[in-house]
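Return a 3D structure for these sequence lines:
(chains A and B)
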Amino acid sequence: MHKPKLIVILGPTASGKSDLAVAIARFIAHQKLATGAEVISADSRQVYTGLDIGSGKITQKEMRAIPHHLLNVASPKRTFTVTQYQRLAKKAIRTITKENRIPILCGGTGLYIDAITHNYILPAVPPQPLLRKELELQSTEMLFAQLEQLDPHRARTIDRHNRRRLIRALEIVLITHSPVPELKASSPYDLLTIGITRTQEEIASLIEKRLHKRIKAGMLIEVERLHANGLSWKRLDDLGLEYRWVSRFLRGLISKELLLEKILLESIQYAKRQMTWFKRDKTIHWITSEAEALQLVKNFLTQ
RNA sequence: GGCUCGGUGGCCAAGUGGUAAGGCAUGAGUCUGCAAAACUCUUAUACGUGGGUUCGAUUCCCACCCGAGCCU
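Alright, predicted model coming up:
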């Protein structure tokens, strides 16, 4: 039995992933390369309801009748994690595949994508708020020393300065009373990974144009409404980028100029970080045009 | 016109008579339940200009230029 096919569309923010995914899905249907295709979003902010304009969530109209999954599946009041994402996305893929349709995983959150494509085996230890609070009190050195004691194997590979990771590792060890398990697993899918490349200048200019569009589209009102509906300023701050800076602007902490400047700068930095993650995957087919992508898809599905 | 304070790498900002912290930005990277996160490494010979004192000045003195404030 061979593996189910999965197409992955990735790239830095503002590179046009959503549009490409829809184009590919329609192409597959029109060319009768399969019964059809559906899109599964791989974006850590678009999973939340109400985060629309600021997260660049695709609109109903833009979907052009292509079904989309993993959008609006969680309340922004609670933290959504990779594990939840993995469970829901896998389920969506199964459903789509069962109908002989092609799933298209599309997004910019590298960790979410890899959780699916590499079939991460994530430790079955949910976050322990109380334990975390306790560990939080310790110095980074102490946390590392403790991990070295309890799980020398994990201690060897972990970043010893990264408190967040140290705490998570300790959490797993302390709850399971056994070492952090290996993450490695092979991909359960037959993959075609398409990456959109853009020069840094292109990305910067796209981000800037997009920012002005979003403001015109009512992004400030969206954030205002989120806060009115019970999202704390702190939470909005944690959501980052547009949500962070717009909420600071609404609170009167920063000027309009700074608002634009910060979103622009941090979005560009974010795009770079995304590329750093993607660059490690040598199987990605980097493309600059839709035509290239469609050709790859055709070959992939007819081979 | 007079007085005061200031002029340090792309930006902000310490500091010293023996050639200069830090932060941000930049560049590279890590990645086991917050990933738009967290973390690591990293560039640049930067002390407004011209003189003087000194073995030696970015640091002291003089003049000038520029900026901010105050005064008449």
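
For RNA strand B, what's its nearest residue on the stretch 151-300 of chain A.
A:Gly240 (2.3 Å; CB to the nearest atom of the strand). All C-beta spots, glycine's among them, are computed from the backbone N, C-alpha and C.

tally of neighbours for that residue?
15 (other CB atoms under 10 Å).

cool, the one 4 residues further on as well?
Counted with other CB under 10 Å, the neighbours of A:Arg244 add up to 19.

now it: how far from A:Glu201?
Noted for A:Arg244: a distance of 25 Å to A:Glu201, by CB to CB, to the nearest Å.

try A:Leu191
Counting by CB to CB, the gap from A:Leu191 to A:Glu201 is 30 Å.

So for these two, which residue has more residues nearby?
Counting neighbours by other CB under 10 Å for A:Leu191 and for A:Glu201 shows that A:Leu191 has the greater number, 17 against 8.

list the contacts for the more buried one?
A:Lys5, A:Leu6, A:Ile7, A:Val8, A:Thr117, A:Thr283 (CB atoms under 8 Å, 6 or more residues apart in numbering).

mind redoing it with 6 Å?
By CB atoms under 6 Å, 6 or more residues apart in numbering, the contact list for A:Leu191 reads A:Leu6.

Check whether it sits in a helix, strand or coil.
Classification of A:Leu191 by DSSP: H, G, I helix; E, B strand; the rest coil places it in strand.

partner residues bridging it?
As for beta bridges, A:Leu191 partners with A:Leu6 under DSSP bridges.

At which residues are the helices of the stretch 101-250 of chain A located?
In the stretch 101-250 of chain A, the segments counted as helices under DSSP state H, counting those that start in this stretch are A:110-117, A:129-136, A:140-150, A:152-157, A:163-176, A:200-216, A:219-228, A:233-239, A:241-250.

Residues contacting the fourth one, please?
With CB under 6 Å, 6+ apart as the contact definition, helix A:152-157 has outside contacts at A:Leu147, A:Glu148, A:Ala169, A:Pro179, A:Val180.

now it, how far from the chain's geometric center?
27 Å (CA atoms, centre = their mean, to the nearest Å).

how about the spatially most central residue of chain A, phi and psi?
Central residue of chain A (CA atoms, centre = their mean): A:Thr109, 2.4 Å from the mean position. Backbone torsions for A:Thr109, taken as degrees, to the nearest 10, come to phi -90, psi 100.

Can you check the pLDDT for it?
pLDDT for A:Thr109: 97.

What does the pLDDT read for the residue nearest to it when sequence neighbours are not counted?
Of all residues beyond its chain neighbours, the one nearest A:Thr109 is A:Ser44 (4.4 Å), with distances taken as CB to CB, 6 or more residues apart in numbering. Here, the pLDDT recorded for A:Ser44 equals 97.

One more: A:Ile53?
Note for A:Ile53: predicted pLDDT of 97.
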